[in-house]
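Enquirer: below are the sequence and a predicted model; questions follow.
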Amino acid sequence: MKQLSALNIARLRTEECFGYLKQVETETANLPSEETPAAQTAAVTTFKTNVGAFDTALKASAVNPATATATSADDARDASWRGANNYTAAMCAHPTADIAAAAAEAKSLFDKYGDPTKLAQTEESGVLHNLLQDMEAFDSAKRTLLNLDVWIADLKSKEEAFLAAAAERTEADAARQVGIVKETRTAAEAAYRSLVDTVNALAMINGDANYATFIDHVNAMIERQKAISKARTTRAKKEDENPSL
C-alpha cells in the first residue's frame with residue numbers, strides 16, 4: 001500500500017519550506033479529478049489557500065516601507081556633509097588671513113576621514129560620528145569666526161535622523177519576519193500535514209491506484225529534501241569540529 005512518507009517541514013528554512021510546498025501544490029494536479037472525495041477537495045483547497053497566503057507574506061516581507069525613509073535620510077546626510085565640506089574648502093580662500101587659517105584647520109578634519117558618502121551606510125555612520133566629535137571639539141572661537149556651528153548642527157541632525165530611520169527599518173524587518181511570515185508559514189504547514197493525512201487515508205480506504213502518481217512524486221521530493229537536510233547537518237557538524245574549514 002503506497003503512503004506518503006513523513007517529513008518535518010518545520011525544520012526547513014523559510015524559503016526552502018515555501019519552495020517545497022509550491023512543488024507539492026503543483027503535484028496536486030495528479031490527484032483524482034473524477035468523483036473527487038469531499039475530504040480531498042477540502043484538503044487541497046485549504047492547502048492551496050494557505051500556500052498562497054504564505055507566498056503573499058514572503059513577497060510583502062521583501063518590501064519594507066521604512067527602507068525608503070532610511071534611504072532619504074541617508075541622502076540628506078550626504079548632502080549635509082558635502083555642503084559643510086565645500087563651504088569649509090571655500091572659506092580656505094577667504095581674503096582675511098585669520099579666517100582662511102581657521103578654515104584650513106577645519107578642512108583638515110574633513111580630509112582626515114575622507115569622503116564618507118561613498119561608504120556603506122553603517123561605515124558612514126562611524127565616520128560621521130568621529131568627524132562630529134572632532135568638529136565639536138574644534139576651537140569655539142574659530143567655529144564662530146567661520147560660522148561653522150550651523151553646519152555642524154545640520155550634519156548632526158541629519159545623522160541622528162538617519163540613525164532613527166535605520167533603527168525603524170531594522171525593527172520593521174524583524175517584526176515582519178517573526179510576525180505575518182511565521183503566521184502564514186505555520187498555517188501552510190498545518191494544511192500540508194492535513195493534505196498528507198487525507199491522501200494517506202483515502203489511499204488506504206479506496207486503494208492507492210488513483211493516488212500512486214501523486215504519492216510517488218511527492219515521496220521522491222521528500223527523499224531529496226531529507227538528503228539536503230542531512231548534508232547540511234553533516235556539513236555544519238564538520239565546521240563545528242574543524243572551524244578552519
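Expert: On my side now, so go ahead. Computed from a predicted model, the values in this text were never measured in an experiment.

Enquirer: next structured bit after the host helix or strand of Ala57?
Expert: Using DSSP states H and E, Ala57 sits within helix 38-61. Using DSSP H and E, the helix or strand that follows helix 38-61 in sequence is helix 65-91.

Enquirer: so what touches the helix or strand following that next one?
Expert: Using DSSP H and E, the helix or strand that directly follows helix 65-91 along the chain is helix 97-113. Contacts with helix 97-113, where a contact means C-beta atoms under 8 Å, 6 or more residues apart in numbering, come from 84-85, 88-89, 91-94, 127, 130-131, 134-135, 138-139, 142-143, 145-146, 148. Where you see a C-beta, it was placed from the backbone N, CA and C, and this is true even at glycine.

Enquirer: check those residues for burial and list the buried ones.
Expert: Among the contacts of helix 97-113, those buried by neighbour count (16 or more other C-beta atoms under 10 Å) are 84-85, 88, 91-92, 94, 127, 131, 135, 138, 142-143, 145-146, 148.

Enquirer: and those residues, which is closest to Thr67?
Expert: Val127 (21.8 Å; C-beta to C-beta).

Enquirer: contact partners for the closest one?
Expert: Counted by C-beta under 8 Å, 6+ apart, Val127 has contacts 113-114, 116, 119.

Enquirer: by neighbour count, which of those residues wins?
Expert: Pro116 (21 neighbours; other C-beta atoms under 10 Å).

Enquirer: that residue and Arg169, how far apart?
Expert: Between Pro116 and Arg169 the distance, using C-beta to C-beta, to the nearest Å, works out to 19 Å.

Enquirer: for the chain, give me the ranges with low pLDDT.
Expert: In the prediction, the chain carries residues with pLDDT under 70 at positions 61-65, 173-179, 236-245.

Enquirer: domain parsing of it, as residue ranges.
Expert: 9-62+177-239, 65-168 (automatic domain parsing).

Enquirer: would CSV of those domains with distance to Gln3 be doable?
Expert: Shown next, in CSV, are the domains of the chain (distance: least, C-beta to C-beta, whole Å):
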stretch, distance to Gln3
domain 9-62+177-239, 5
domain 65-168, 46
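
Enquirer: to Lys2, which of the ones you listed lies closest?
Expert: Nearest to Lys2, of those and by C-beta to C-beta, is domain 9-62+177-239 at 4.1 Å.
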